[in-house]
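Enquirer: okay, structure incoming, though there's no sequence with it:
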């Protein structure tokens, strides 16, 4: 089954907690701190895989969670970093935030894109040793891993897109131009997903994409065209296949181009190699009429069934491709992503006499604090004071023993 868009919930691994420990050895009277740091949590990383062509594997795996880092150990031993979680995706996979902000993209085999970073491991008490405090009895908890929801979208990476109405011979054409083996039949919408093939000409190769048939009003969601129009956005040129047995082949050509323009006005500017197929099935009068209507487009007249003029078509495809500049997409490509946000030091809100403190920086230090350890809590209070929280509380009317709440942890304000 061809799946080209999924929503994922990502939970990168939390960093391991630092350890509080002291040396206990014979003949060593003052052993000092020996608690090691926690290991880093695992990140979630997309990896380009040229052997994949669909996001089907992710359709039933919407929640991806990475491992947590190992806690620090005694004797100064650090916890082990968690293994990263690697998700293999097709080339051309793009990642967007749930509010449609472009995050990054994978376009090469084995290329990696970090989309959720694991948390940093907490420091053990050996890291806090100083002249003023040679034997600290506290350590840090590990940072939380990033958690976010993303939209994964696949845009097929192809040099040349084969477009046209259903059942005009696109699948048959790609089967003789390349090594692709698409399903071929005479009824509409035989092709339900893009088929890729490689066209070789001497030492040159091109990737072809046989795209599901467009119909009139495809750009507004009718038929299958709207679902797959995104896959032609990267194609440098198009092979526009037209069935000469249809009632008005030239109108078909105009209708398909109108749909391209309605979907993305840049697409109509891409060069097209116009191909009139099934010429073995019409009489000379009708063929003469068709040639008259299409003469300005200089099409190639072929019969896929008889392989008529296929060599001429291949030469024109390569020549057109070589003369066409590369496609430049609107977004800026980001290869490695770090979730960035404006860190708010703190905000204070009073509700029924309780002062609630929150903010990005406050949350980071709070998560690192072991609330069950008195020394760790005292260190957190010093951090709050250093950020200016005490002064802000006074300005808001907090008095000695006023209740302060930091992410559910309540304590009394001491106005020294």
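Expert: Nice, thanks for sending it over. Just so we're clear, the structure is a prediction, and the values are computed from it rather than from any experiment.
Enquirer: show me the shaky parts of the stretch 101-250 of the chain.
Expert: Across the stretch 101-250 of the chain, residues meeting the criterion (pLDDT under 70) sit at 179-194, 212-228.
Enquirer: list the beta-bridge partners for the spatially most central residue of the chain.
Expert: What sits nearest the mean C-alpha location of the chain, by C-alpha atoms, centre = their mean, is residue 95, with 1.9 Å. Residue 95 has these beta-bridge partners by DSSP bridges: residue 104, residue 152.
Enquirer: contacts only, for it.
Expert: Shown in contact with residue 95 (C-beta atoms under 8 Å, 6 or more residues apart in numbering): 46, 102, 103, 104, 105, 113, 115, 150, 151, 152, 153, 337. Just so you know, the C-beta spots here come from the backbone N, C-alpha and C atoms, and that holds for glycine as well.
Enquirer: distance check, residue 356 against residue 405.
Expert: 5 Å (C-beta to C-beta, to the nearest Å).
Enquirer: now the contacts of residue 95 in TSV, with neighbour count and distance to residue 72?
Expert: Conversion of the contacts of residue 95 to TSV gives the following (neighbours: other C-beta atoms under 10 Å; distance: C-beta to C-beta, whole Å):
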residue	neighbour count	distance to residue 72
46	24	30
102	16	38
103	21	32
104	19	32
105	23	37
113	23	30
115	26	28
150	23	32
151	16	37
152	21	35
153	16	40
337	20	29
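Enquirer: hmm, residue 79 and residue 73 touching each other?
Expert: Yes: contact criterion C-beta atoms under 8 Å: residue 73 and residue 79 qualify, at 6.5 Å.
Enquirer: please name the nearest non-neighbouring residue to residue 368.
Expert: Spatial nearest neighbour of residue 368, chain neighbours left out: residue 140 (4.4 Å); criterion: C-beta to C-beta, 6 or more residues apart in numbering.
Enquirer: so what's that neighbour up against?
Expert: 17, 18, 38, 122, 123, 124, 368, 369, 370, 376.
Enquirer: output these as JSON lines; include the columns distance to residue 392 and neighbour count.
Expert: Converted to JSON lines, the contacts of residue 140 look like this (distance: C-beta to C-beta, whole Å; neighbours: other C-beta atoms under 10 Å):
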{"residue": "17", "distance to residue 392": "30", "neighbour count": "26"}
{"residue": "18", "distance to residue 392": "29", "neighbour count": "29"}
{"residue": "38", "distance to residue 392": "32", "neighbour count": "33"}
{"residue": "122", "distance to residue 392": "27", "neighbour count": "28"}
{"residue": "123", "distance to residue 392": "28", "neighbour count": "25"}
{"residue": "124", "distance to residue 392": "32", "neighbour count": "32"}
{"residue": "368", "distance to residue 392": "21", "neighbour count": "24"}
{"residue": "369", "distance to residue 392": "19", "neighbour count": "21"}
{"residue": "370", "distance to residue 392": "25", "neighbour count": "19"}
{"residue": "376", "distance to residue 392": "23", "neighbour count": "20"}
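Enquirer: in CSV: these, plus secondary structure and distance to residue 62.
Expert: Rendered in CSV, the data for the contacts of residue 140 read as follows (DSSP: H, G, I helix; E, B strand; the rest coil; distance: C-beta to C-beta, whole Å):
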residue, secondary structure, distance to residue 62
17, coil, 29
18, coil, 33
38, coil, 29
122, coil, 30
123, coil, 35
124, coil, 36
368, helix, 30
369, coil, 33
370, coil, 33
376, helix, 36
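Enquirer: out of these, who's nearest residue 317?
Expert: Here the nearest of these to residue 317, counting by C-beta to C-beta, is residue 38; it sits at 57.5 Å.
Enquirer: what residues are up against the closest one?
Expert: Taking C-beta under 8 Å, 6+ apart, one finds 15-19, 69-72, 78-79, 121-124, 140-142 in contact with residue 38.
Enquirer: before we move on, the earlier item: of the contacts of residue 95, which is the nearest to residue 86?
Expert: The closest of the contacts of residue 95, once distances to residue 86 are taken by C-beta to C-beta, is residue 46, at 7.9 Å.
Enquirer: buried residues in the one helix or strand the closest one maps to?
Expert: Per DSSP states H and E: residue 46 is located in strand 44-48. Buried residues in strand 44-48, counting neighbours by 16 or more other C-beta atoms under 10 Å, are found at 44, 45, 46, 47, 48.
Enquirer: and the gap between the fourth one and residue 90?
Expert: Spelled out, it's residue 47. Taken as C-beta to C-beta, the span from residue 47 to residue 90 is 11 Å.
Enquirer: swap in residue 160?
Expert: 18 Å.
Enquirer: which one's more surrounded, the two?
Expert: residue 160 (24 against 21; other C-beta atoms under 10 Å).
Enquirer: so who does the more buried one touch?
Expert: 199, 206, 207, 208, 209, 235, 236, 237, 238, 239, 317, 321.
Enquirer: residue 274 sits in which helix or strand?
Expert: Counting by DSSP H and E, residue 274 is part of strand 272-277.
Enquirer: who does that strand touch, helix- and strand-wise?
Expert: strand 237-243, helix 284-294, strand 300-301, helix 310-323 (3 or more C-beta pairs under 8 Å, 6 or more residues apart in numbering; DSSP states H and E).
Enquirer: redo these as a markdown table? Include mean neighbour count and distance to residue 401.
Expert: Below are the helices and strands packed on strand 272-277 laid out as a markdown table (neighbours: other C-beta atoms under 10 Å; distance: least, C-beta to C-beta, whole Å):
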| stretch | mean neighbour count | distance to residue 401 |
| --- | --- | --- |
| strand 237-243 | 24 | 75 |
| helix 284-294 | 13 | 88 |
| strand 300-301 | 19 | 88 |
| helix 310-323 | 15 | 77 |
